[in-house]
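*Asks:* Sequence isn't available, so here's the structure alone:
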């Protein structure tokens with residue numbers, strides 16, 4: 001199978017044209033030797049290279065190859081990460097002012113688009129696992145219950161997989177949504193690799209955004225949105241609302257190349273999954289019969305930040321830690337040497353693994369106004385400890401995973417302040433609505 005976008009860019013570079021167009025380096029070089037080779041294919045929208053937000057080649061072919069791989073009607077390349085995909089997907093599926101059923105543990109970008117579109121959220125609290133001390137996945141029954149309680153909602157927005165790798169029943173949830181005339185958007189940022197493992201984790205969804213840069217051999221911020229039931233011209237128009245009119249061609253070429261590389265190395269991710277399965281067997285971690293991303297390793301530890309620091313002292317850096325877990329993103333680019341090094345380090349810290357002490361998420365904060373009203377209201381900045389009973393004009397969202405404890409428009413009460421202190425939230429200055 002071809003790499004149509006990358007082939008087009010290299011063909012243009014080989015012509016050694018006089019480039020009296022952007023970018024300013026003119027395809028000759030970039031200041032650092034590590035970046036210099038990218039200059040040749042770092043171009044702009046001209047006749048030979050096409051336009052990301054218009055019909056035509058090479059983008060039509062390059063995006064269709066991805067759409068076919070994921071089993072969707074169309075795919076749109078994104079250079080603004082899954083944040084751009086979340087904005088695009090929710091705009092496609094919702095009208096301003098709609099009421100939407102929202103996974104409370106969604107990324108902060110979801111809260112931004114709720115405000116931008118003035119959507120009315122009905123929050124679904126995530127199921128909580130007392131065994132693993134983690135927010136869990138959604139079942140079809142979980143969502144059906146909420147849809148029957150709130151028949152006025154127009155769409156559902158949820159995250160799958162979670163940061164810890166848990167997969168919700170997207171096909172079942174999609175069927176439940178469609179049965180009731182609702183749309184389903186999935187923030188699948190951490191699941192771009194799953195179809196290359198032979199899985200169909202997003203089957204039935206109306207739209208899903210994935211971050212190629214998180215789990216595939218693609219450049220930072222490169223992402224994709226997949227959509228069913230929409231004309232691709234509309235998808236392009238909506239995506240252009242949130243994307244630069246000068247998107248990065250090297251980023252987009254990396255999407256082209258990542259797909260082809262994975263197809264050329266069909267066992268690469270299977271090998272990673274086998275190594276992760278071996279680690280799950282050796283150390284206390286999520287596993288067993290849970291619906292899990294085969295390549296996400298979440299280990300239960302007694303003190304997450306301390307454990308992560310000890311790994312860093314051994315030259316190993318994890319994706320995330322909380323009070324009782326460390327989360328490691330394992331991909332097809334991790335070598336056997338990398339896994340051996342990790343396994344040895346974990347073995348040396350075995351005595352610091354065990355029952356998790358992570359706090360459950362707090363109850364939903366009381367809401368004083370819409371997220372849109374709070375984000376655009378007159379604001380003042382206060383130290384966190386001085387924000388008792390004030391209305392948040394920003395998100396109090398430990399990052400990663402970027403899930404708000406308090407969202408704009410919600411009241412920062414004593415219980416939220418206590419929770420943020422217990423989890424070690426270190427944001428000193430907070431924007432609140434001016435009284």
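*Replies:* Arrived safely. Quantities reported herein were computed from a predicted structural model and do not represent experimental measurements.
*Asks:* Which residue is the nearest non-sequential neighbour of the most centrally placed residue in the chain?
*Replies:* The centre of the chain sits closest to residue 189, judged by Cα atoms, centre = their mean, with a distance of 2.7 Å. The shortest distance from residue 189 to any non-neighbouring residue, by Cβ to Cβ, 6 or more residues apart in numbering, is to residue 82 (3.9 Å). Just so you know, the C-beta spots here come from the backbone N, C-alpha and C atoms, and that holds for glycine as well.
*Asks:* shouldn't that neighbour be in contact with residue 187?
*Replies:* Yes. If you go by Cβ atoms under 8 Å, residue 82 and residue 187 touch, sitting 6.5 Å apart.
*Asks:* between those two, what contacts are shared?
*Replies:* 107, 109, 209 (Cβ atoms under 8 Å, 6 or more residues apart in numbering).
*Asks:* Quick one, grab the pLDDT at the nearest residue in space to the last one that is not next to it in sequence.
*Replies:* Residue nearest to residue 209 in three dimensions, not counting chain neighbours: residue 85, with 2.6 Å by Cβ to Cβ, 6+ apart. pLDDT, the model's per-residue confidence, is 98 for residue 85.
*Asks:* circling back: out of the shared contacts of residue 82 and residue 187, which is most surrounded?
*Replies:* Using other Cβ atoms under 10 Å as the neighbour criterion, residue 209 leads the shared contacts of residue 82 and residue 187 with 31 neighbours.
*Asks:* where's residue 280 relative to residue 368, distance?
*Replies:* 44 Å (Cβ to Cβ, to the nearest Å).
*Asks:* between these two, which one's more packed in?
*Replies:* Set residue 280 next to residue 368 and count neighbours by other Cβ under 10 Å: residue 280 wins out with 18 against 15.
*Asks:* contacting residues around the helix or strand that contains that one?
*Replies:* In the assignment (DSSP states H and E), residue 280 maps to helix 268-282. With Cβ under 8 Å, 6+ apart as the test, helix 268-282 has contacts from 193, 196-197, 262, 285-287, 294-297, 330-332, 334, 336, 339, 342-343, 346-347.
*Asks:* Looking at those, which are in helices?
*Replies:* 262, 336, 339, 342-343, 346-347 (DSSP state H).
*Asks:* Drop anything exposed from these.
*Replies:* 262, 339, 342, 346 (16 or more other Cβ atoms under 10 Å).
*Asks:* what would the residues you listed look like in a markdown table with distance to residue 42 and pLDDT?
*Replies:* Listed next are these as a markdown table, based on distance: Cβ to Cβ, whole Å; pLDDT from 0 to 100:
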| residue | distance to residue 42 | pLDDT |
| --- | --- | --- |
| 262 | 24 | 97 |
| 339 | 34 | 98 |
| 342 | 35 | 98 |
| 346 | 40 | 98 |
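*Asks:* ok, which pair from those residues is furthest apart?
*Replies:* Farthest-apart pair in those is 262 and 346; separation 27.2 Å (Cβ to Cβ).
*Asks:* Going by residue numbers, what spans are helices in the protein?
*Replies:* Taking DSSP H as the test, the helices found in the chain are 4-14, 59-70, 81-93, 108-116, 140-149, 170-179, 212-215, 232-242, 249-264, 268-282, 304-313, 336-348, 371-375, 414-422.
*Asks:* Which secondary structure elements does the third one sit against?
*Replies:* Think helix 81-93. Using 3 or more Cβ pairs under 8 Å, 6 or more residues apart in numbering; DSSP states H and E as the contact test, the elements touching helix 81-93 are strand 74-78, helix 108-116, strand 155-159, strand 183-187, strand 207-210, strand 223-227, helix 232-242.
*Asks:* angle of that helix against helix 232-242?
*Replies:* Going by axes from the mean of the first three to the mean of the last three Cα atoms, to 10 degrees, helix 81-93 is angled at 130 degrees with respect to helix 232-242.
*Asks:* mind checking how far residue 403 is from residue 108?
*Replies:* With Cβ to Cβ as the criterion, residue 403 and residue 108 are 7 Å apart.
*Asks:* what do these two both touch?
*Replies:* Common contacts of residue 403 and residue 108, defined by Cβ under 8 Å, 6+ apart, comprise residue 397.
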